[in-house]
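1. pasting the sequence and the predicted coordinates here, then a few questions.
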Amino acid sequence: MRTTHRILLRIWYDPECDFSKVVIGYLNRGAIGNNSTIHGSEITRLENRYIVLNRDSGFDEEVYIPYHRILWITYDEQMIWSRIDG
């Protein structure tokens with residue numbers, strides 16, 4: 001299990017944590033700067049290999065983001081994990 005997956009599962013299931021306070025930066029090829037962010041409130045479930053979002057685009061479209069694309073995770077505006085050096 002990837003470290004990012006473990007961190008997110010801990011927050012997801014911890015009754016003292018509010019998952020909507022999570023913000024995740026991830027590699028999104030084609031986006032400006034090749035990076036995007038998602039908020040915990042957008043995440044519908046955490047699967048073994050992917051974060052699953054349900055984007056409201058007029059269609060019932062699920063979006064899958066692999067854990068290996070995660071660049072950083074914040075909780076309540078505090079950095080709790082980062083792949084980025086410096």
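-> Everything's here; your move.

2. give me the phi and psi angles of Thr74.
-> phi -120, psi 150 (degrees, to the nearest 10).

3. now do Ser20
-> phi -70, psi -10.

4. then Arg83?
-> The phi/psi pair for Arg83 (degrees, to the nearest 10) is phi -90, psi -20.

5. look up the pLDDT of the nearest residue to it once chain neighbours are set aside for me, please.
-> Distance criterion CB to CB, 6 or more residues apart in numbering; nearest residue to Arg83, sequence neighbours excluded, is Leu71 at 5.3 Å. (Glycine included, C-beta is placed from N, CA and C.) Per-residue pLDDT puts Leu71 at 96.

6. what about the helices in the protein?
-> Secondary structure of the chain by DSSP state H: the helices cover 3-13.

7. show me where pLDDT drops low in it?
-> 1, 56-59, 85-86 (pLDDT under 70).

8. strands of that one, residue ranges please.
-> For the chain, the strands defined by DSSP state E cover 22-27, 35-39, 43-46, 50-56, 60-66, 70-75, 78-82.

9. want to throw those strands into TSV with distance to Tyr13?
-> Below are these laid out as TSV (distance: least, CB to CB, whole Å):
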stretch	distance to Tyr13
strand 22-27	13
strand 35-39	18
strand 43-46	9
strand 50-56	15
strand 60-66	19
strand 70-75	14
strand 78-82	16
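
10. just send these back as a markdown table, with mean neighbour count and distance to Pro15 too.
-> Shown next, in a markdown table, are the strands of the chain (neighbours: other CB atoms under 10 Å; distance: least, CB to CB, whole Å):
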| stretch | mean neighbour count | distance to Pro15 |
| --- | --- | --- |
| strand 22-27 | 20 | 15 |
| strand 35-39 | 15 | 20 |
| strand 43-46 | 15 | 16 |
| strand 50-56 | 15 | 21 |
| strand 60-66 | 13 | 25 |
| strand 70-75 | 19 | 15 |
| strand 78-82 | 12 | 18 |
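
11. out of those, nearest to Thr4?
-> Ranking these by their distance to Thr4 (criterion: CB to CB) puts strand 70-75 first, at 4.6 Å.

12. let me know the angle separating the closest one from helix 3-13.
-> Put simply, strand 70-75 runs at 30 degrees to helix 3-13, going by axes from the mean of the first three to the mean of the last three CA atoms, to 10 degrees.
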